[in-house]
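Enquirer: I would like to see how this sequence folds:
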Amino acid sequence: MKDSHGRTIDYLRISLTDRCNFRCVYCMPEDGVCQMGHDEILRIEEIERLVRVAAGIGIKSVRLTGGEPLVRKGVVGLVETLTGIPGIENVSMTTNGVLLPRMIDDLKAAGLSRVNISLDTLDAEQFRAITRVGNLDDTLAGIDAALEAGLNPVKVNAVTVRSLNQDFLEFAKLSIDRPLHVRFIEYMPLGDTSEDSGTGWGKADVIPSEELCALINEQARAAGLPELRPAGASKPLGWGPARYFEFPGAQGTVGFISPLSRHFCAECNRLRVTADGKVRPCLFSDTEYDVRTALREGDDEAVHGVLLEALGAKPDEHHDKVGTDRKMSQIGG
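Expert: Residues are numbered from 1 along each chain as shown. The predicted model follows:
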């Protein structure tokens, strides 16, 4: 399935809920966002139908996101159904990992192929401050559970924020002894958080990926470690825009995702669906197309039409636009 700029679009990210068991400072206010009503959220059977139609026009990979997708009732059954849809080759998930230890066996049996776990610090006190309610050990246990279950790849997503003074080398070293793929994501301006103490995005907090890679190499040399080099055979499977590196002999990799300093729009292969059934052609654009109404009032042809309309509206790039009206928890991480 090609968009108007010749890019192959075969990847659909679906937010299952705007609810989350964390309150991360860069994602939402301490009291959370105004939650969507029950009738506003796409039903499980509507998500299944949407994916069936999407598979018919070339979608091959589906990622389930949130909020926190594992708080959504029926998520295991949804994974099982989606993996059985003809044309769907992979179903994955982005999660904070807290609920993985109790759910991982069922998720793997249902067909979940891979998982991205959000983790922004390895310091327990800072983790509590960033998430406001979370415990570092719970997310680390989720990572362990995913590895022990044999999901492949297991990726760790860390949003890099200059003022947090994160220990980036320690993050990178997670990739040495275990097949973990650590990805550093530039801090993005999503949602109007400027009035929320501690959550306001600012350019001063953005660490360009090139600068971060150089910093990690500098710290590695000081610690007597080799520098990162472009990843070879250990580069993980995936559909995203990360550039991967590795320490010599490491089991995993270190990736850099650069939505601001190095636009990867020419490589974009995805559409996004929010929990309330809006198709977003671009993360950095507030243009949305209502597929919920088509799912509830129309036939499959109507759903097909909304997807094609959104596909045709994908911009060539997000140019210099900064910020969106919705927060990441509302769009889908």
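
Enquirer: I'd assumed residue 143 was in contact with residue 180.
Expert: Yes. Between residue 180 and residue 143 there is a contact at 7.2 Å, judged by Cβ atoms under 8 Å. C-beta: built from backbone N, CA, C; applies to glycine.

Enquirer: which neighbours do the two share?
Expert: 154, 156 (Cβ atoms under 8 Å, 6 or more residues apart in numbering).

Enquirer: so the residue sitting furthest away from the middle of the chain, which state does it fall into?
Expert: For the chain, the largest distance from the centre (Cα atoms, centre = their mean) belongs to residue 224, which lies 32.9 Å off. Classification of residue 224 by DSSP: H, G, I helix; E, B strand; the rest coil places it in coil.

Enquirer: any buried residues in stretch 273-286, and which?
Expert: Using 16 or more other Cβ atoms under 10 Å as the burial criterion, the residues of stretch 273-286 that qualify are 273-284.

Enquirer: relative to residue 169, which of the residues you listed is nearest.
Expert: Proximity of the buried residues of stretch 273-286 to residue 169 (Cβ to Cβ) peaks at residue 283, which lies at 28.7 Å.

Enquirer: quick check: which element contains the closest one?
Expert: For residue 283, there is no enclosing helix or strand under DSSP states H and E.

Enquirer: wait, it sits on residue 331?
Expert: Yes. Here residue 283 reaches residue 331: they are 6.9 Å apart, a contact under Cβ under 8 Å.

Enquirer: quick one, phi psi at residue 156?
Expert: Main-chain dihedrals, residue 156, degrees, to the nearest 10: phi -110, psi 120.

Enquirer: list the contacts for it?
Expert: 116-119, 143, 171, 174, 180-183.

Enquirer: alpha carbons only: can I get stretch 178-190 in CSV?
Expert: Written as CSV, here are the backbone C-alpha positions of stretch 178-190 (Å, rounded to 0.1, in the frame of the first residue of the first chain):
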residue,chain,number,x,y,z
ARG,A,178,21.6,-9.6,27.4
PRO,A,179,19.8,-9.4,24.1
LEU,A,180,18.2,-6.0,25.0
HIS,A,181,17.9,-3.3,22.4
VAL,A,182,18.1,0.1,24.1
ARG,A,183,16.6,3.0,22.1
PHE,A,184,17.1,6.7,23.0
ILE,A,185,14.2,8.9,21.8
GLU,A,186,14.5,12.6,21.5
TYR,A,187,12.1,14.5,23.7
MET,A,188,9.1,15.5,21.5
PRO,A,189,6.7,18.3,21.9
LEU,A,190,3.4,16.4,22.2
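
Enquirer: how far does it sit from the chain's center?
Expert: 9 Å (Cα atoms, centre = their mean, to the nearest Å).
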